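Student: Can you look at this prediction? I've put the sequence above it.
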Amino acid sequence: AQSVAQPEDQVNVAEGNPLTVKCTYSVSGNPYLFWYVQYPNRGLQFLLKYITGDNLVKGSYGFEAEFNKSQTSFHLKKPSALVSDSALYFCAVRYNQAGTALIFGKGTTLSVSS
Amino acid sequence: EAGVAQSPRYKIIEKRQSVAFWCNPISGHATLYWYQQILGQGPKLLIQFQNNGVVDDSQLPKDRFSAERLKGVDSTLKIQPAKLEDSAVYLCASSLEGLERDGYTFGSGTRLTVV
């Protein structure tokens, strides 16, 4: 069965510092991996995805993520955090098979202080 | 393009009452998903439709939850009777054909409070 783990409930960083939000996954075969962000009282917004190719993928708002197959990880990163990045972040995985749904991690709250 | 529309935004009901949520996916999107997001947890898939057929409802509590997508467009999720533990945000998402490799598009959700 496929699953996603986000080991940190909360990540705290100072504005201007680099940030990392961790994600590990378990899925047979080659996974499709996603990051979503959720602001209060809002739906989930797509940030970026890994399907195939370059292990470093770039997404919205300056975020990027690095796919590491040997460590089964897909950590979200940003070189310089903004206060406005404070939100709830979800990692998700799905099979590379038609008709399968996303499986989400439990989420990590990112808090960026000024 | 218009996004995924959901209504109502908020609903408060008493336990044992019934409630229904509505979702209108992006035009042309064949696949529709209902997720339940309990506070402090990630979204959990309840049911997936491909057009008007059910692809996966293995995690839908069928003794109290039901969903339909009669014409392959709009969908309704119903809970009857509601329990306190059903308090959650119910998210609807759609994608083009299930082969979609991009992130699915989510609606803003319906926040249900059962008292």
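Tutor: Arrived safely. Since the structure is predicted, the reported quantities are computational estimates derived from the model, not experimental observations.
Student: For beta bridges, what are the partners of the spatially most central residue of chain B?
Tutor: Nearest residue to the geometric centre of chain B (C-alpha atoms, centre = their mean): B:W34, 2.9 Å. When assigned by DSSP bridges, B:W34 has beta-bridge partners B:I47, B:C92.
Student: measure it to B:Y90 for me?
Tutor: From B:W34 across to B:Y90, the span is 7 Å (C-beta to C-beta, to the nearest Å). For the C-beta atoms, the positions are set from N, CA and C on the backbone; glycine is no exception.
Student: now do B:I13
Tutor: 13 Å.
Student: for A:S70, same thing?
Tutor: Going from A:S70 to B:Y90 by C-beta to C-beta gives 38 Å.
Student: swap in B:V114?
Tutor: When C-beta to C-beta is the yardstick, B:V114 and B:Y90 sit 12 Å from each other.
Student: More neighbours: which of these two?
Tutor: Taking neighbours as other C-beta atoms under 10 Å in any protein chain shown, B:V114 and B:Y90 compare with B:Y90 leading, 23 against 20.
Student: Please name the residues that touch the more buried one.
Tutor: B:6, B:21, B:34-37, B:46, B:77, B:109-110, B:112 (C-beta atoms under 8 Å, 6 or more residues apart in numbering or on different chains).
Student: Quick check on these: which are buried?
Tutor: Buried members of these, counted by 16 or more other C-beta atoms under 10 Å in any protein chain shown: B:6, B:21, B:34-37, B:46, B:77, B:109-110, B:112.
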